[in-house]
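K.L.:
Predicted model and sequence below, questions to follow.
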Amino acid sequence: DAGVIQSPRHEVTEMGQEVTLRCKPISGHDYLFWYRQTMMRGLELLIYFNNNVPIDDSGMPEDRFSAKMPNASFSTLKIQPSEPRDSAVYFCASSSTGGGGGNTIYFGEGSWLTVV
Amino acid sequence: DQQVKQNSPSLSVQEGRISILNCDYTNSMFDYFLWYKKYPAEGPTFLISISSIKDKNEDGRFTVFLNKSAKHLSLHIVPSQPGDSAVYFCAASFTGTASKLTFGTGTRLQVTL
């Protein structure tokens, strides 16, 4: 079975440019999570969706960040305009029951973003 | 404010010895705890979990211990193997809700020959 699929795997962009990261969750999963990994803060939850509806976006750092989930099989995380401090690894994850109560969430391989 | 803390960014252990990775949390409402393992260029994968009604959970070479009064948990790997070299993330959540996992900053374990 295919896992969570993210694209691009690597992105290098100039400051000020728009960046769009894409995610295809595991089929049948109704929760989708966007995480960001940095050395200082580890894995931070940015936003999560349930049945394509954003439930908690309190982790989105600024208005420059936005996320959408137009259907059950696709989500995007957009940064506009991008800044060097946005450089990080962005993970998408999905789950069939949410992340609480010990229910396992499954991560993609990540999108490595470098903003120069 | 980090609600889940892993104060040791790295740990080096000899093959065959015990690896002990530590994690502290501040929110007493957390009642379910997990460990994820991450290899370079891959996403984190679930390793082991424990509910707050237990103080120990064992799965093969991996054991997680929970001390609720100290708000502390630890992951023991015995015996350690070179393939265990990875970054280990501690995570916490609330049961009963389809809620998010709060992760620590990770500990990089290196198992040497």
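P.N.:
Thanks, I have it.
K.L.:
Skipping its backbone neighbours, what lies nearest the residue positioned nearest the centre of chain A in space?
P.N.:
Computing the C-alpha centroid of chain A and ranking residues by Cα atoms, centre = their mean puts A:W34 first, at 2.8 Å. What sits nearest to A:W34 in space, not counting adjacent residues and going by Cβ to Cβ, 6 or more residues apart in numbering or on different chains, is A:L46, at 4.4 Å. Any C-beta I mention is one placed from the backbone N, CA and C, and that applies to glycine too.
K.L.:
in the chain, which spans are strands?
P.N.:
In the absence of a named chain, chain A is used. A:5-7, A:10-13, A:19-24, A:31-38, A:42-50, A:53-56, A:65-71, A:74-79, A:88-95, A:106-107, A:111-115 (DSSP state E).
K.L.:
was after chain B, sorry
P.N.:
Ranges of strands in chain B, per DSSP E, are B:4-5, B:10-14, B:19-25, B:32-38, B:45-51, B:56-59, B:62-67, B:72-77, B:86-93, B:102-103, B:107-112.
K.L.:
okay, the fifth one in PDB with CA atoms only?
P.N.:
Read it as strand B:45-51. C-alpha atoms of strand B:45-51 as PDB (Å, rounded to 0.1, in the frame of the first residue of the first chain):
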ATOM      1  CA  THR B  45       7.600   6.000  12.300                       C
ATOM      2  CA  PHE B  46       5.700   4.800  15.400                       C
ATOM      3  CA  LEU B  47       7.800   2.700  17.800                       C
ATOM      4  CA  ILE B  48       5.900   2.100  21.100                       C
ATOM      5  CA  SER B  49       3.300   3.800  23.300                       C
ATOM      6  CA  ILE B  50       2.000   3.800  26.800                       C
ATOM      7  CA  SER B  51      -1.200   4.900  28.500                       C
END
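K.L.:
Name every strand pairing with that strand and say which way it goes.
P.N.:
Take DSSP bridges as the rule and strand B:45-51 pairs in its sheet with strand B:32-38 (antiparallel).
K.L.:
what comes into contact with the strand it pairs with?
P.N.:
Strand B:32-38 has contacts (Cβ atoms under 8 Å, 6 or more residues apart in numbering or on different chains) with A:100-102, A:104, B:21, B:23, B:25, B:44-52, B:62, B:64, B:66, B:73, B:75, B:86-95, B:101, B:103, B:106.
K.L.:
Need the per-residue pLDDT for the residue nearest to A:D30 when sequence neighbours are not counted.
P.N.:
Among residues not flanking A:D30 along the chain, A:N51 sits closest, at 5.2 Å (Cβ to Cβ, 6+ apart). Per-residue pLDDT puts A:N51 at 92.
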